[in-house]
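Next one to model:
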Amino acid sequence: LEILYMPGNDFTGGIPTEVGLLTRLTSLILGLNPNLGGSIPDEIGRLTRLEELLLLSSDHTGGLPAEISLLTSLVRLSLSGNDISGPLPDLSAMTDLVQLF
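From the prediction side, this is the model:
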């Protein structure tokens, strides 16, 4: 699986840690799921081929995992419209990042 595109649904229960097993993903788009909630799992850092991570407006809480800095192929990162708090991890290795919103 390379693209997981499931925006605008009514998913609940958060992003499962098993997402880290989808290591061939280039796009993970789960935005606009207002009841998804929960924290973003550390296992997201295993998705090193990701170019798009779009989690906007999905009621995520807590801090961003430091492992997000391992996603050095990211071009687009969208986390707006959530309740994320705490420090922003070091994103300096994301040299291809064009959009951060």
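
For D96, give me its contacts.
The neighbourhood of D96, defined by CB atoms under 8 Å, 6 or more residues apart in numbering, consists of 51, 72-75. All C-beta atoms are positioned from the backbone trio N, CA, C, and that covers glycine.

Turn the residues you listed into TSV, including distance to G13, pLDDT and neighbour count.
Converted to TSV, the contacts of D96 look like this (distance: CB to CB, whole Å; pLDDT from 0 to 100; neighbours: other CB atoms under 10 Å):
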residue	distance to G13	pLDDT	neighbour count
E51	26	98	18
T72	29	97	15
S73	28	98	16
L74	25	98	25
V75	28	98	15
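
Quick check: of the residues you listed, which lies closest to S57?
The nearest member of the contacts of D96 to S57, counting by CB to CB, is L74 at 18.9 Å.

and the closest one, helix, strand or coil?
Look at L74: counting by DSSP: H, G, I helix; E, B strand; the rest coil, its state is coil.
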